[in-house]
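Student: predicted model and sequence follow; I will ask about them next.
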Amino acid sequence: MSEEIIQIKDLKVHYPIRSGFWNRITDYVRAVDGVSFSINEGETYGLIGESGSGKSTTGKAIVGVEKATGGEILYKGVDITKASNRRKLNYNKDVQMIFQDSMSSLNPRKRIEDIIAEPIRNFENLTTDQERDRVQELLDIVGMPSDAIYKYPHEFSGGQRQRIGVARAVATNPKLIVADEPTSALDLSVQAQVLNFMKHIQQQYGIGYLFISHDLGVVKHMSENLAIMHRGRLVEIGSRDEIYKHPVHIYTKRLLSAIPQVDVDQREAHKKHREAVEKEFQENQSKWYDKDGRVYPLQKIAPNHFVALPADEAEAAKVREAKEKERS
Ligand SMILES: Nc1ncnc2c1ncn2[C@@H]1O[C@H](COP(=O)(O)OP(=O)(O)OP(=O)(O)O)[C@@H](O)[C@H]1O
């Protein structure tokens, strides 16, 4: 068993909403509202949810781009949200991020050499020659030609820019990379290439990924464990096999049924299944959320499988029973 590298405990990111003449805080957007999960060294952990569910904010809070308003981010046992600047500096070296939109995340006025060298300059004192060698090595790792260092981001395709983004993220020898929808702006064929080399780099360097996506189809091939997020909270977490084979929360079932069916013979059956899941969702969703539409706390339902079961004990018991039957 590999060791746990990061533990997120009851993480909250609330944005104040101000209104009225005095511009007072009248409410909060609860973008992340009590999220807990942990990632092991070298594993890919999937964080899934539709647009607005709070995935990106979770990722940004983990790398420190957004400030956590509550909870803990334990890295190697130390809460980073309250750590000293020196410890935070080490953490910033070990935990990097790759963004969805490589065009806006790579500075268009900088050459690739400077883009990739930037994180190295923040943490290491290398000579110009050493730095150039390191950048060449990183470009080689992500399968880019060495003359790329003299060019600018707009001279590359989306897939190539994403490789450059990975080279920059890998530059500091990180232990964890938060990859926020790294392939969703790319064509299908290029997506597969980028995912493959991300896997390759992971195996070579033992990097862990928090892989953020709205697409359960993509995550299926990447993650060992995953968390499904909805309305700022987690509705279900567990191993990939448990969740894909035995989804329990009404929202997870709906997300899974939305994965397009590639097998032509199965399309009609899949359409019927999708309609049945949608009907169940429409009829029963009130049981799965509280009166304010919030997701209930997670409960353990099997080894490595937690679900935000209905608060009504009888309802929750029914769900557990159905799950037991399905597994046996
Ligand atoms: N700076 C901010 N101020 C106020 N609200 C914000 C801010 N950033 C995000 N939000 C809100 O927080 C919620 C979660 O946003 P977030 O970007 O994390 O969702 P997401 O699941 O990553 O969606 P997407 O895939 O579309 O980026 C949304 O309702 C969003 O409008």
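Tutor: That came through fine.
Student: list phi and psi for the residue of the stretch 201-328 of the chain found nearest the ligand.
Tutor: Scanning the stretch 201-328 of the chain for proximity to the ligand using C-beta to the nearest ligand atom identifies residue 214 as nearest, at 5.8 Å. The C-beta positions use only the backbone N, C-alpha and C, and glycine is treated the same way. Here is the backbone geometry of residue 214 (degrees, to the nearest 10): phi -90, psi 0.
Student: quick one: contacts for residue 263?
Tutor: Shown in contact with residue 263 (C-beta atoms under 8 Å, 6 or more residues apart in numbering): no residues.
Student: can you list the low-confidence ranges for the chain?
Tutor: 1, 102-103 (pLDDT under 70).
Student: ok, which stretches of it are helices?
Tutor: If DSSP state H is used as the criterion, the helices of the chain fall at 55-63, 85-94, 102-105, 112-123, 128-141, 158-170, 188-205, 216-220, 240-245, 250-257, 267-288, 313-327.
Student: so the first one versus helix 85-94, what angle?
Tutor: So that's helix 55-63. Orientation check (axes from the mean of the first three to the mean of the last three C-alpha atoms, to 10 degrees): helix 55-63 against helix 85-94 gives 130 degrees.
Student: touching the ligand at all, helix 55-63?
Tutor: Yes - interface with the ligand: helix 55-63 contributes 55, 56, 57 (C-beta under 6 Å from any ligand atom).
Student: make JSON lines from those residues and add neighbour count to it.
Tutor: Compiled in JSON lines, the residues of helix 55-63 next to the ligand are given as follows (neighbours: other C-beta atoms under 10 Å):
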{"residue": "55", "neighbour count": "25"}
{"residue": "56", "neighbour count": "22"}
{"residue": "57", "neighbour count": "22"}
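Student: how about the residues of the stretch 1-150 of the chain by the ligand?
Tutor: 15, 29, 31, 49, 51, 52, 53, 54, 55, 56, 57.
Student: give the closest residue to the fourth one in space, chain neighbours not counted.
Tutor: Okay, so that is residue 49. residue 229 (3.6 Å; C-beta to C-beta, 6 or more residues apart in numbering).
Student: that neighbour against residue 48, yeah?
Tutor: Yes - counting by C-beta atoms under 8 Å, residue 229 touches residue 48, with 6.7 Å between them.
Student: in contact with the residue nearest to the spatial centre of the chain, which residues?
Tutor: By C-alpha atoms, centre = their mean, the chain has its centre lying nearest to residue 212, at 2.4 Å. Residues in contact with residue 212, defined by C-beta under 8 Å, 6+ apart, are 47, 48, 55, 56, 58, 59, 178, 179, 180, 181.
Student: again, but for residue 40
Tutor: Contacts of residue 40 by C-beta under 8 Å, 6+ apart are 1, 2, 3, 4, 5, 208.
Student: and the closest residue in space to the fifth one that isn't next to it in sequence, how far from residue 94?
Tutor: To tie it back to what came earlier, the one meant is residue 5. Nearest non-adjacent residue to residue 5, counting by C-beta to C-beta, 6+ apart: residue 41, 4.7 Å away. Distance, residue 41 to residue 94, by C-beta to C-beta, to the nearest Å: 11 Å.
Student: for the two, indicate the residue with more neighbours.
Tutor: Taking other C-beta atoms under 10 Å, residue 41 and residue 94 do not tie; residue 94 has more neighbours (18 against 15).
Student: my guess is the more buried one meets residue 170, correct?
Tutor: No - here residue 94 does not reach residue 170: they are 12.0 Å apart, not a contact under C-beta under 8 Å.
Student: tell me the domain boundaries of the chain?
Tutor: 39-64+84-245, 246-328 (automatic domain parsing).
Student: and the ones you listed, which is most packed in?
Tutor: Mean neighbour count, computed with mean count of other C-beta atoms under 10 Å, is highest for domain 39-64+84-245 among the domains of the chain, reaching a mean of 19.
Student: next one: that domain to chain centre, how far?
Tutor: Distance, stretch centre to chain centre, for domain 39-64+84-245: 10 Å (C-alpha atoms, centre = their mean, to the nearest Å).
Student: show the end-to-end separation of that domain, please.
Tutor: Using C-alpha to C-alpha, to the nearest Å, the end-to-end distance of domain 39-64+84-245 comes to 21 Å.
Student: can you tell me how far residue 328 sits from residue 242?
Tutor: Residue 328 is 14 Å from residue 242, by C-beta to C-beta.
Student: of all the domains of the chain, which one is nearest residue 20?
Tutor: domain 246-328 (22.4 Å; C-beta to C-beta).
Student: let me know whether the closest one sits next to the ligand.
Tutor: No - judged by C-beta under 6 Å from any ligand atom, domain 246-328 and the ligand are separated, with a smallest distance of 12.6 Å.
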